[in-house]
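Visitor: Structure for the following, please:
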Amino acid sequence: MNLSLLVEISPSSAQGWLTTRLLGLTLSSADWILWLLIGLSVLSVAVMLERLAYFSTRSLPKNADLTALLSRGDFAAAERIVQRGHGMEATVVREALAAAPQGADTVEEVIASVIARERPHYERSLSFLGTLGNNAPFIGLFGTVLGIIKAFHDLGRVAVKGAAVQQTVMTGISEALVATAVGLAVAIPAVVSFNAFTRWLKNITARTNALGHALVGYLRAERERATMSLPRSGESLREVR
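Guide: As a prediction, this is how the structure comes out:
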């Protein structure tokens, strides 16, 4: 084949139809990715503040030792503490105390039911934070890849040599890496807040279970004491004789 024919062939003629079309799409501006990340960042901050307010307003007073009150059977004092409270702990104690006359087994079922009902309210929007924390870096990386493609494409269209080549490539790559930096800046707070709220929810659930165990333990102890205090049939007959 004639060497001059190879030189005259355009580089774009060696590309397939699909590659050419995809290249045309990737050469568009990647600013929309930065705007997407900024929008997701604003949304994640709003979710963090909303969850912080939700968790904070549904916590019992720190000086309220409900476990001790329930363990010794002081139900009236425990009910006064949780009377106007919100959240999983207060709801469990209120409904468990209401079911206490029906026995320990019923109270256990009520506690499990309330925890299963209240837990989704605490978990609301946490999946968004977890998903954003895992995927925001990839969104930023996608923007970086688009920027690098555009930088090398622009370099191929301009006749530059030597230091000009290095300047052109480095400038394009540095601008493209901004998307990765923004993606990490969005992901890190989302991951930290997701872990913090998840740990907070675990602590609330553990305290709720502790309150339930204290109440159920007292009810069963009272039932055993009542059973032991009843006279046996043989003893009753001897007393009659």
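
Visitor: what about the longest helix along the chain, distance to the chain center?
Guide: Ranked by residue count and defined by DSSP state H, the top helix of the chain is helix 163-229. Centroid separation for helix 163-229 versus its chain: 6 Å, with CA atoms, centre = their mean, to the nearest Å.

Visitor: ok, and what's touching stretch 80-95?
Guide: 57-61, 64, 66, 69-70, 78-79, 110-111, 114-115, 118-119, 122, 204-205, 207-208, 211-212, 215 (CB atoms under 8 Å, 6 or more residues apart in numbering). The C-beta positions use only the backbone N, C-alpha and C, and glycine is treated the same way.

Visitor: So which of those residues sit within strands?
Guide: Counting by DSSP state E, none of the members of these fall within strands.

Visitor: hmm, which of those residues are the buried ones?
Guide: Using 16 or more other CB atoms under 10 Å as the burial test, the contacts of stretch 80-95 include 58-60, 64, 66, 69-70, 78, 110-111, 114-115, 118, 122, 204-205, 207-208, 211-212, 215 as buried.

Visitor: what's the closest non-adjacent residue to the residue sitting nearest the centre point of the chain?
Guide: For the chain, the residue nearest the mean C-alpha position is Leu126 (3.0 Å; CA atoms, centre = their mean). Excluding the flanking residues, the one nearest Leu126 by CB to CB, 6 or more residues apart in numbering is Phe197, at 5.6 Å.

Visitor: which residues touch the one you found?
Guide: Applying CB under 8 Å, 6+ apart, the residues contacting Phe197 are 51, 55, 126, 129.

Visitor: Roughly how far does it sit from Ala226?
Guide: Between Phe197 and Ala226 the distance is 44 Å, computed by CB to CB, to the nearest Å.

Visitor: now His153
Guide: 85 Å.

Visitor: ok, those two, which is more surrounded?
Guide: Using other CB atoms under 10 Å as the criterion, His153 and Ala226 rank with His153 on top: 13 against 9.

Visitor: so where is this structure shaky, pLDDT-wise?
Guide: Counting by pLDDT under 70, the low-confidence segments of the chain come to 1-29, 62-64, 154, 156-169, 171-172, 229-241.

Visitor: neighbours around the nearest residue to Ser41 once chain neighbours are set aside, how many?
Guide: Spatial nearest neighbour of Ser41, excluding adjacent residues (CB to CB, 6+ apart): Val186 at 4.5 Å. By other CB under 10 Å, 26 other residues sit near Val186.

Visitor: Quick check: Val186 touching Leu37?
Guide: Yes - between Val186 and Leu37 a contact is recorded at 5.2 Å, counting by CB atoms under 8 Å.

Visitor: From Leu215, how far out is Ile204?
Guide: Ile204 sits 17 Å away from Leu215, going by CB to CB.

Visitor: Kindly report the same for Ser71.
Guide: 8 Å.

Visitor: hang on, the earlier thing: any idea how far the residue nearest to Leu126 lies from Thr131?
Guide: For Phe197, the distance to Thr131 - CB to CB - is 14 Å.

Visitor: Likewise for Gly147?
Guide: For Gly147, the distance to Thr131 - CB to CB - is 24 Å.

Visitor: One more: Met88?
Guide: Counting by CB to CB, the gap from Met88 to Thr131 is 24 Å.

Visitor: coming back round to it: what's the overlap in contacts for Val186 and Leu37?
Guide: Here Val186 and Leu37 have 136, 140 as joint contacts, going by CB under 8 Å, 6+ apart.

Visitor: picking up where we left off before, unless I'm mixing things up, the residue nearest to the centre of the chain is touching Arg51, no?
Guide: Yes - look at Leu126 against Arg51 with CB under 8 Å: they come within range, at 7.1 Å.
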